[in-house]
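Asks: Pasted the sequence and its predicted model underneath.
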Amino acid sequence: MAAAALVPLVLLLVSGPARGSQGDREPQYRHCLGRCERHNCSGDALRNFRARQPLHMRVTGWTCRDDCQYECMWLTVQLYQEGGHRVPQFHGKWPFRRFLCFQEPASAAASFLNGLVSLVMLRRYRAAVPPAAPTYPTCVAFAAVSLNAWVWSTVFHTRDTALTEKLDYFCASAAVLHSVYLCCVRTLGLQRPALISICRAFLLLFLTCHISYLSLVRFDYGYNLAANAALGMLPGVWVPPFPMLPVPGMLTVAWWLRWCLGHGRRLPHVWKCAAAVLLLQALALLELLDFPPLLWVLDAHALWHIGTIPLNVLFYSFLMDDSLYLLKANSDLLKVD
């Protein structure tokens, strides 16, 4: 299932439909953008722009048009504020103050920290759990796919383009589906090994069809959100909301909670899994508080990403405890035999 993270790379050249919002439809914004591009983005003016542009901006792909959009966005925001009106969104998102090359600094930093925590916990898992543990390969693959998703989330929040958006969304979908696979292996596969192959084949087929539809038919944000949310969310994975409205991952959440309730007395460490799943759903309520960013940096989505950092630690701690329990149980069973 770890190979699922590579599937998104196949169809990324097909771009989805452009997003529009109230702010970028405003006549003042459009007039400002046209004037800025005429004066700054051709001939000698463009060469001067490229000569003055800092290296970190060139490396991350900021163009003259991007700079014009950024400057005109804030000019339009100023007009809205002077008129006492609520600030609108531009190109599908709230205005953010750029820091260096980071388009959404708080979300980029939080995504990076989530990825760093995932990497640290993966290394701790591999140091603490022998490869002989029954769920070792699945847990390591889950951590790798989740880490890959956080990397592309960091890239996307650093620089939002059609390419980085697809990498973010598709790798998130791969992580969501791998969380379902992890749940299937732990709750059913150890007793019914034949189900693992069926589950893996179904999820890979679903991911392939999901990405193919979004790439070749229509990049439908509503469908992407509904499909991922219906299958499930866990610490280490998320559904990139568009609009900013997460839906609890019904399948995986209900599945894990039922399993936790049934094994809570026999397995003391199960509380960590239940707590991580429930807290993640509580954090999802932050997205319902969609509001213009505080200081034009910290929005509800960034707070959501910040909140998932400790949940990664909690869930990976459960995976370590559970893998060691299964290893001991298998060892005891072999001794009896």
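Replies: That came through, no problem.

Asks: Could you measure from Ala110 over to Pro130?
Replies: As defined by C-beta to C-beta, to the nearest Å, Ala110 lies at a distance of 33 Å from Pro130. (Glycine included, C-beta is placed from N, CA and C.)

Asks: Settle it for me: which of those two has more neighbours?
Replies: Remark: of Ala110 and Pro130, Ala110 carries more neighbours, 25 against 10, as counted by other C-beta atoms under 10 Å.

Asks: which element is that one on?
Replies: Applying DSSP states H and E as the criterion places Ala110 in helix 105-128.

Asks: For that helix, buried residues please.
Replies: For helix 105-128, the neighbour count (16 or more other C-beta atoms under 10 Å) marks 105-115, 117-119, 121-122, 125 as buried.

Asks: same thing with stretch 193-200?
Replies: So, applying 16+ other C-beta under 10 Å, buried residues of stretch 193-200: 196, 199-200.

Asks: contact partners of it?
Replies: Under the criterion C-beta atoms under 8 Å, 6 or more residues apart in numbering, residues 1, 180-181, 184-185, 188-189 lie in contact with stretch 193-200.

Asks: Next, check these against the helices and list the overlap.
Replies: Residues of these located in helices (DSSP state H): 180-181, 184.

Asks: Now which of the contacts of stretch 193-200 would you call buried?
Replies: Neighbour-count burial (16+ other C-beta under 10 Å) is assigned, among the contacts of stretch 193-200, to 1, 180-181, 184-185, 189.

Asks: and of these, the nearest to Tyr80?
Replies: Val180 (42.9 Å; C-beta to C-beta).

Asks: Which parts of the stretch 151-300 of the chain are strands?
Replies: Secondary structure of the stretch 151-300 of the chain by DSSP state E, counting those that start in this stretch: no strands are present.

Asks: quick one: which of the buried residues of stretch 193-200 is nearest Leu326?
Replies: Nearest member of these to Leu326, counting by C-beta to C-beta, is Ile196, at 14.7 Å.

Asks: re the thing from before, I'd like the contacts of stretch 193-200 written out as CSV, with pLDDT added.
Replies: Shown next, in CSV, are those (pLDDT from 0 to 100):
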residue, pLDDT
Met1, 42
Val180, 83
Tyr181, 86
Cys184, 85
Val185, 87
Leu188, 83
Gly189, 72
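
Asks: Which members of those are the farthest-apart pair?
Replies: For the contacts of stretch 193-200, with distances taken as C-beta to C-beta, the pair at the greatest spread is Met1 and Leu188 (15.1 Å).

Asks: how much space between Ala143 and Trp150?
Replies: Using C-beta to C-beta, we find Ala143 at a distance of 11 Å from Trp150.

Asks: out of those two, which sits in the busier spot?
Replies: Set Ala143 next to Trp150 and count neighbours by other C-beta under 10 Å: Trp150 wins out with 29 against 24.

Asks: any idea how far that one is from Phe90?
Replies: For Trp150, the distance to Phe90 (C-beta to C-beta) stands at 26 Å.

Asks: swap in Arg123?
Replies: Using C-beta to C-beta, one obtains 40 Å as the distance from Arg123 to Phe90.

Asks: just Trp62 next, same as before
Replies: Using C-beta to C-beta, we find Trp62 at a distance of 16 Å from Phe90.

Asks: same deal with Ile198?
Replies: In this view, Ile198 and Phe90 are 46 Å apart by C-beta to C-beta.

Asks: Distance from the chain centre to the lengthiest helix in the chain, please.
Replies: Using DSSP H to define each element, the chain has its longest helix at helix 300-336. Distance of helix 300-336 from the chain centroid (C-alpha atoms, centre = their mean, to the nearest Å) equals 20 Å.

Asks: Break the chain into its domains for me.
Replies: Taking automatic domain parsing as the reference, the chain has its domains at 22-82, 103-336.

Asks: neighbour count winner among Trp62 and Phe90?
Replies: Using other C-beta under 10 Å, the more surrounded residue of Trp62 and Phe90 is Phe90, with 25 against 18.

Asks: and for stretch 133-149, what are the contacting residues?
Replies: With C-beta under 8 Å, 6+ apart as the test, stretch 133-149 has contacts from 1-2, 4-5, 115, 118-119, 121-122, 125-126, 129-131, 168, 171-172, 174-175, 178-179, 181-182, 185-186, 190, 236-238, 316, 319, 322-324, 326-327, 330.

Asks: ok, and for that stretch, which residues are buried?
Replies: Across stretch 133-149, burial judged by 16+ other C-beta under 10 Å covers 133-136, 138-149.

Asks: hmm, which two among those are most spread apart?
Replies: Taking C-beta to C-beta as the measure, the buried residues of stretch 133-149 span a maximum distance of 24.8 Å, between Pro134 and Ala149.

Asks: one step back: against which helices or strands is the longest helix of the chain packed?
Replies: Judged by 3 or more C-beta pairs under 8 Å, 6 or more residues apart in numbering; DSSP states H and E, helix 300-336 is in contact with helix 105-128, helix 136-158, helix 270-283.

Asks: Those: which one's closest to Arg97?
Replies: helix 105-128 (7.5 Å).

Asks: picking that back up, out of the ones in helices among the contacts of stretch 193-200, which is nearest to Leu33?
Replies: The closest of the ones in helices among the contacts of stretch 193-200 to Leu33 turns out to be Val180 (C-beta to C-beta; 43.2 Å).
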